[in-house]
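In: Pasting the sequence and the predicted coordinates here, then a few questions.
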Amino acid sequence: MFNPLSYTSSALSHPTSPRIMNIPLEILLKVFECVVELERFPSVEDDGPWRLMGVCATWKGIVRASPNLWAHITILHTSHEFIDHTLDTSQKMKGRLRTSLLLSKNWPLTITMLSVSPLLEDLAKYSDRWKTIYMVVDRLGFRLLQDLQLPILEKSTLVLQNARVEDVFEDYIRLEMKHAISLRHAAIAIRSYATINGRRPRLFLPWRQLTHLELDTRLNQLIVDPDSELPPITLPALQYLHSICDPRGLTNFITPALRRLVLTTFKDPHRDRRVDHHWGFEKVVNLIIRSGCHIQMLEFRIPTYATTLSHETVTSVLEVAPDLVELIFNVVHVQNITDVQWSEFGTHLLGNVETITITVSSRMLDLTWESFLHTDVHEEEQWQTEFIREVVDTDPKVLSDYNRNAESLLSMLECLPSLRRVEISHESSVYLDWFRSPSVLHRLRQLGKRVRLSVLPNLNYYETDHASMIQHFSYNLKCFAQFCTPPRVISLFFIVTLLGSVVPR
């Protein structure tokens, strides 16, 4: 294999600047790797290594000689857009894909295909090099994947797109990846309009070797391993499970080694809004009891404004997770969790919990991974942002509920004996006003003496307690010093410097 470090010094005869000229090639290549990885979607069209090559002839030569920089391949366009392109543009995109595959040599590939694309057939010829894939596919794509050799595939994310009219005559959608002998991480999402004439997708995976599994099982469309004579299926190595929208699909599993459980719940715009979307959590409870697993990390995610997490739902899961040491809530607005009565979660439920994290951020709607698995929710919910901030958050009753919830939360934190770390991150909101009162600041200072506390980054609850402030500053300085090792500082410096050079002028 060609070694890019053998690239001769003559290639550096036209430096972009004296400062860049003196950077050792090994460091420059490392920075290039960071630039490519930092691209949100480095595509075969204009981003990633293509942008780096556009800086100067020197960089172009280095990038072309570095196969690892071409190992991240992203297809952005939809099949409809692809057809509508001019012939020249289509040929250019195919040509760039061929160039990327050629220059990546034998390097393992990470492929992101954000919509159904005819380029999948070109990529399929290199399936023996697929290491990580994120793909939106239709029935034809599923059928194509069944026949591929995937010897080094470790992580697979597949979203079944809406089917075609002519598919109504087919039996069912079948995805079989039992031949993916290296697969450890699998994520499967079924779009809510992908079922035709009641024929539901059928899934066959190498269950016994999976360590991470994410399932979007809304509308109960997923039939898991229908040929199994003795359901449910045992996943002996599974440690991480993410159930999205509707946990009913979990009835097929036994997960004795499960330690980390993530539950994403929201009101599906394609379902009747009067339907209680929390009823399915009994399936989660049954899974834990049936498997005899010891959950150590539990996370609730709510990516929409219209969803409220009920106190009963949280309690039901906590009651079957006595070994829990980390509890996380990721929500878009505090109203998602105002129904939770924190003070009722005493030592009998959270006695072993060491870390509690609550993140309230509307940016959760924009998370790539979340939107990739359930894109049809966000457009309908996004419009509610301003309405909630301008109308709901100013209602006196709502403010009273916020204050009561905040008091309940702080009371819970104060009584947990094993608690070692608390992180509460919140966007600017009237909800924060309660935390700024002198009495609450005093309670936070007292809690901070025994717990590593990060509450509302803009809230300086140490300002009236100099001893605590010095202690807090010393701790943060120590953490910063541990982070700032020479390699990290050097990498950070060059990334910042070179990113400025990459931006077109």
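Out: Now that the structure is in, tell me what you want to look at. Being a predicted model, the structure only gives us computed values, none of them experimental.
In: And the residue lying closest to Leu28 once chain neighbours are set aside, its phi and psi?
Out: Nearest residue to Leu28 in three dimensions, chain neighbours excluded: Ile62, at 6.9 Å (Cβ to Cβ, 6 or more residues apart in numbering). Every C-beta, even on glycine, is put in place using the N, C-alpha and C of the backbone. Torsion angles at Ile62 (phi, psi; degrees, to the nearest 10) stand at phi -70, psi -40.
In: Leu158 now?
Out: Phi and psi for Leu158, reported as degrees, to the nearest 10, are phi -130, psi 130.
In: Please report the number of neighbouring residues for it.
Out: When neighbours are counted by other Cβ atoms under 10 Å, Leu158 registers 21.
In: Quick check: it touching Leu175?
Out: Yes. The criterion here is Cβ atoms under 8 Å, and Leu158 meets it with Leu175 at 7.0 Å.
In: what sits in contact with each of these two?
Out: With contacts taken as Cβ atoms under 8 Å, 6 or more residues apart in numbering, Leu158 and Leu175 have Phe142, Leu145, Ile188 as neighbours in common.
In: got TSV for those, with neighbour count too?
Out: As requested, these are exported to TSV (neighbours: other Cβ atoms under 10 Å):
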residue	neighbour count
Phe142	20
Leu145	21
Ile188	24
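In: Which residues are in contact with Thr251?
Out: Counting by Cβ under 8 Å, 6+ apart, Thr251 has contacts Pro232, Lys283, Asn286, Leu287.
In: Which segments of the chain make up each domain?
Out: Domain segmentation of the chain under automatic domain parsing yields 126-224, 232-269+277-461.
In: right, so of these, which gets closest to Thr74?
Out: domain 126-224 (8.7 Å; Cβ to Cβ).
In: Give me the ChimeraX select line for the contacts of Thr251, limited to the buried ones.
Out: Filtering the contacts of Thr251 down to the buried ones (16 or more other Cβ atoms under 10 Å) takes a single ChimeraX command:
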select :232,283,287
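In: Greatest separation within the contacts of Thr251: which pair is it?
Out: Pro232 and Lys283 (11.4 Å).
In: what comes into contact with the longest helix seen in the chain?
Out: The residue-count maximum for a helix in the chain (DSSP state H) belongs to helix 396-415. Outside helix 396-415, the residues within contact range by Cβ under 8 Å, 6+ apart are 334-335, 337-338, 340-343, 345-347, 350, 356, 358, 392-393, 419, 422, 430-431, 434-435, 440, 443-444, 447, 451.
In: just stretch 328-335 next, same as before
Out: When contacts are defined by Cβ under 8 Å, 6+ apart, stretch 328-335 is touched by residues 297-305, 308-309, 337, 356-362, 364-365, 388, 392, 398, 402, 405, 426, 429, 431.
In: re earlier: in JSON lines: the shared contacts of Leu158 and Leu175, plus distance to Arg129, secondary structure and pLDDT.
Out: Shown next, in JSON lines, are the shared contacts of Leu158 and Leu175 (distance: Cβ to Cβ, whole Å; DSSP: H, G, I helix; E, B strand; the rest coil; pLDDT from 0 to 100):
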{"residue": "Phe142", "distance to Arg129": "21", "secondary structure": "helix", "pLDDT": "78"}
{"residue": "Leu145", "distance to Arg129": "15", "secondary structure": "helix", "pLDDT": "84"}
{"residue": "Ile188", "distance to Arg129": "22", "secondary structure": "strand", "pLDDT": "84"}
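In: In JSON lines, list these along with distance to Cys56.
Out: What follows is the shared contacts of Leu158 and Leu175, written out as JSON lines (distance: Cβ to Cβ, whole Å):
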{"residue": "Phe142", "distance to Cys56": "44"}
{"residue": "Leu145", "distance to Cys56": "40"}
{"residue": "Ile188", "distance to Cys56": "44"}
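In: Give me the local confidence score for Arg363.
Out: Looking at Arg363, its pLDDT stands at 68.
In: Then the one 10 residues further on?
Out: Here, the pLDDT recorded for Leu373 equals 51.
In: quick one, what contacts Gly292?
Out: Neighbouring residues of Gly292 by Cβ under 8 Å, 6+ apart: Pro256.
In: for the stretch 151-300 of the chain, what spans make up the helices?
Out: With helices called from DSSP state H, counting those that start in this stretch, the stretch 151-300 of the chain shows them at 281-291.
In: So, low pLDDT: which residues of this structure?
Out: 1-21, 38-47, 77-90, 162-174, 191-202, 217-231, 246-249, 267-280, 363-394, 457-505 (pLDDT under 70).
In: For burial, what's the neighbour tally of Lys125?
Out: With other Cβ under 10 Å as criterion, Lys125 counts 10.
In: repeat for the one 3 residues further on
Out: When neighbours are counted by other Cβ under 10 Å, Asp128 registers 14.
In: Got the phi and psi for it?
Out: Asp128 has phi and psi values of phi -70, psi -10 when expressed as degrees, to the nearest 10.
In: picking that back up, beyond the longest helix of the chain, next helix or strand please.
Out: strand 421-426 (DSSP states H and E).
In: Which elements pack onto the helix or strand just after that following strand?
Out: Heading C-terminal from strand 421-426, the first helix or strand you meet, by DSSP H and E, is helix 438-448. Counting contacts by 3 or more Cβ pairs under 8 Å, 6 or more residues apart in numbering; DSSP states H and E, helix 438-448 is packed against helix 396-415, strand 452-455, helix 466-483.
In: tell me the angle helix 438-448 makes with strand 421-426.
Out: 140 degrees (axes from the mean of the first three to the mean of the last three Cα atoms, to 10 degrees).
In: what about burial for the contacts of helix 396-415, which qualify?
Out: Among the contacts of helix 396-415, those scoring as buried are 334-335, 337-338, 340-343, 345, 350, 356, 358, 393, 419, 422, 431, 434-435, 440, 443-444, 447, 451 (criterion: 16+ other Cβ under 10 Å).
In: Could you measure from Leu144 over to Ser156?
Out: 14 Å (Cβ to Cβ, to the nearest Å).
In: between the two, who's got more neighbours?
Out: Set Leu144 next to Ser156 and count neighbours by other Cβ under 10 Å: Ser156 wins out with 22 against 16.
In: from memory that one sits against Ala187, does it?
Out: Yes. Under the criterion of Cβ under 8 Å, Ser156 makes contact with Ala187 at 7.1 Å.
In: Would you mind giving me the PyMOL syntax to select the buried ones in the contacts of stretch 328-335?
Out: Per 16+ other Cβ under 10 Å, the buried members of these correspond to this PyMOL selection:
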select buried, resi 297+298+299+300+301+302+303+304+305+308+309+337+356+357+358+359+360+362+364+365+388+398+402+405+426+431
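In: ok, the shared contacts of Leu158 and Leu175 vs Val317, which is closest?
Out: Of all the shared contacts of Leu158 and Leu175, the one with the least separation from Val317 (Cβ to Cβ) is Ile188, at 22.6 Å.
In: and Val314, what helix or strand is that in?
Out: helix 311-318.
In: For the next helix-or-strand element following that helix, which strands pair with it and how are they oriented?
Out: Moving toward the C-terminus from helix 311-318, the next helix or strand (DSSP H and E) is strand 326-331. Partner strands and pairing direction for strand 326-331 (DSSP bridges) are strand 297-302 (parallel), strand 355-360 (parallel).
In: Report the angle between strand 326-331 and helix 311-318.
Out: Using the same axes, to 10 degrees, strand 326-331 lies at 150 degrees relative to helix 311-318.
In: got the contact list for the helix or strand following strand 326-331?
Out: The helix or strand immediately downstream of strand 326-331 is helix 347-350, counting by DSSP H and E. Here helix 347-350 makes contact (Cβ under 8 Å, 6+ apart) with Thr315, Leu318, Glu319, Leu324, Leu327, Met412, Cys415, Leu416, Pro417.
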